[in-house]
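> can you look at this prediction? I've put the sequence above it.
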Amino acid sequence: NSVQACGLRDDERRPPANELLEVARHGLALKPKRLPSWLFYDERGSALFEQICEQPEYYLTRCEIALMDEHAADIAETLGSDVRLVEYGSGSGRKTRMLLRHLREPVSYVPVEISPEPLQQSVQRLAQEFPQLPLQPLCADFSRPLRLPIPPRAPRRTVLYFPGSTIGNFEAHDAVALLRKMRNEMGDAGGLLIGVDLKKDPAVIEAAYNDAAGVTAEFTLNMLARLNREIGSDFDLAAFAHRARYNPMAGRIETQLVSRREQQVAIGRHKVRFGVDEAIQVEYSCKYSLEDFAALAEKAGLAVQRVWTDPQRMFSVQYLVR
Ligand code: AVJ
């Protein structure tokens, strides 16, 4: 098997501490305060996310896996043979393995992942299950311009795989910009296979982001723990609460870290003040109707070619082309 090393030098693999400090300082100076959701995914955060996926309330992963289980052969046929598969933000790789099992003579698999530990782990597993498949992992932030590794042979098409409804974490304008960037990266004959969570009873959605076991709350609070570890801030985790509410007008879950009391937090040499109940906006998880999403895709110059969804229309896997 030809497994290429991470596409970046070792010192480039994770955002440097001074960049994190800059990101935190900037976000906490905004009114209202906000921090970017990619900050969730350090090693601990990635492990907690995997645990979220196993919670009974978090229907997204279960629905998407059921969809892949039922339709993987059909999906693979739609993509065709000799595909180069590029995955944006490759988590545990479970859905990817379901797809790869059915793809006909794939040219290569390129997982793009910002966090090095999960990337190494998923590549090791894939190398075992698909010893013939060239693996070209790329340690990078998929929301920035990518330089994809040179494929081992000419693919018939490049298909970008973006499962998990990660697109939901981007506000409409940013989502269109990301889809447009993907459109460029896939080339003329390319396609995008994307998981999109659908609008449904708000109570069901809210429960998914407020699991009874408290894993999501721990995941959210880990963002502050991570900053404490990596930039030496002094957030008191007991003084902040996880809050996730569905905003029906905007069609999205809005996740916040809410200050339980008036307090000051040291960020490097600066002090940041928090009032009682003051919130840091940390994540949006946008939910779409099929019509909403088709309109979003069109703004990015993409057309929905196929949609796979479950009978209850909880979740969708969609294939978009230029
Ligand atoms: C994997 C980013 C799509 O928004 O549902 C899960 C992340 N946050 N629970 C989502 C997440 C809280 C998840 N995404």
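Cool, got the structure.
> report pLDDT for the residue of the chain found nearest the ligand.
The minimum distance from the chain to the ligand, using CB to the nearest ligand atom, falls at S285 (3.5 Å). Quick note: C-beta positions are derived from backbone N, CA and C, even for glycine. With respect to pLDDT, S285 scores 98.
> which parts of stretch 191-209 are buried?
For stretch 191-209, the neighbour count (16 or more other CB atoms under 10 Å) marks 191-200, 205, 207-209 as buried.
> including pLDDT, distance to the ligand and secondary structure, could those residues go into a markdown table?
A markdown table is the format used below for the buried residues of stretch 191-209 (pLDDT from 0 to 100; distance: CB to the nearest ligand atom, whole Å; DSSP: H, G, I helix; E, B strand; the rest coil):
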| residue | pLDDT | distance to the ligand | secondary structure |
| --- | --- | --- | --- |
| G191 | 98 | 21 | strand |
| L192 | 98 | 16 | strand |
| L193 | 98 | 15 | strand |
| I194 | 98 | 12 | strand |
| G195 | 98 | 8 | strand |
| V196 | 98 | 10 | strand |
| D197 | 98 | 7 | strand |
| L198 | 98 | 12 | strand |
| K199 | 98 | 14 | coil |
| K200 | 98 | 13 | coil |
| I205 | 98 | 10 | helix |
| A207 | 99 | 11 | helix |
| A208 | 99 | 7 | helix |
| Y209 | 99 | 5 | coil |
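> any idea how far the residue of the chain closest to the ligand lies from R104?
34 Å (CB to CB, to the nearest Å).
> with R261 instead?
For R261 relative to R104 (CB to CB), the value is 59 Å.
> which bits of the stretch 1-150 of the chain sit near the ligand?
Within the stretch 1-150 of the chain, the positions adjacent to the ligand are I52, L60 by CB under 6 Å from any ligand atom.
> for the stretch 1-150 of the chain, what spans make up the helices?
Along the stretch 1-150 of the chain, counting by DSSP state H, counting those that start in this stretch, helices occupy 17-29, 43-52, 59-79, 94-100, 116-129.
> buried residues in the longest one?
Of all the residues in helix 59-79, those buried under the rule 16+ other CB under 10 Å are 59-65, 67-68, 71-72, 75-76, 78-79.
> out of the helices of the stretch 1-150 of the chain, which gets nearest to N247?
Nearest to N247 among the helices of the stretch 1-150 of the chain is helix 59-79; the distance by CB to CB comes to 17.8 Å.
> could you check the angle helix 43-52 makes with the closest one?
Using axes from the mean of the first three to the mean of the last three CA atoms, to 10 degrees, the inter-axis angle of helix 59-79 relative to helix 43-52 is 90 degrees.
> what are the contacting residues of helix 59-79?
Residues from elsewhere that reach helix 59-79, judged by CB atoms under 8 Å, 6 or more residues apart in numbering: 53-54, 94-95, 98-99, 101-104, 157, 159, 163-165, 191, 193, 195, 197, 204, 208, 305-306, 308-310, 314-317, 319.
> doesn't A177 belong to a strand?
No: counting by DSSP: H, G, I helix; E, B strand; the rest coil, A177 is not part of a strand but helix.
> got the contact list for it?
Residues near A177 by CB under 8 Å, 6+ apart: A300.
> which pLDDT value belongs to it?
Taking A177 on its own, its pLDDT is 97.
> same question for S92.
If you check S92, the pLDDT there is 73.
> my read: it touches L126, true?
No: S92 lies out of contact with L126 (CB atoms under 8 Å); the separation is 10.8 Å.
> separation between the most far-flung residue of the chain relative to its centre and R269?
Distance from the C-alpha centroid of the chain, by CA atoms, centre = their mean, peaks at E262 (32.7 Å). Applying CB to CB, the value for E262 to R269 is 21 Å.
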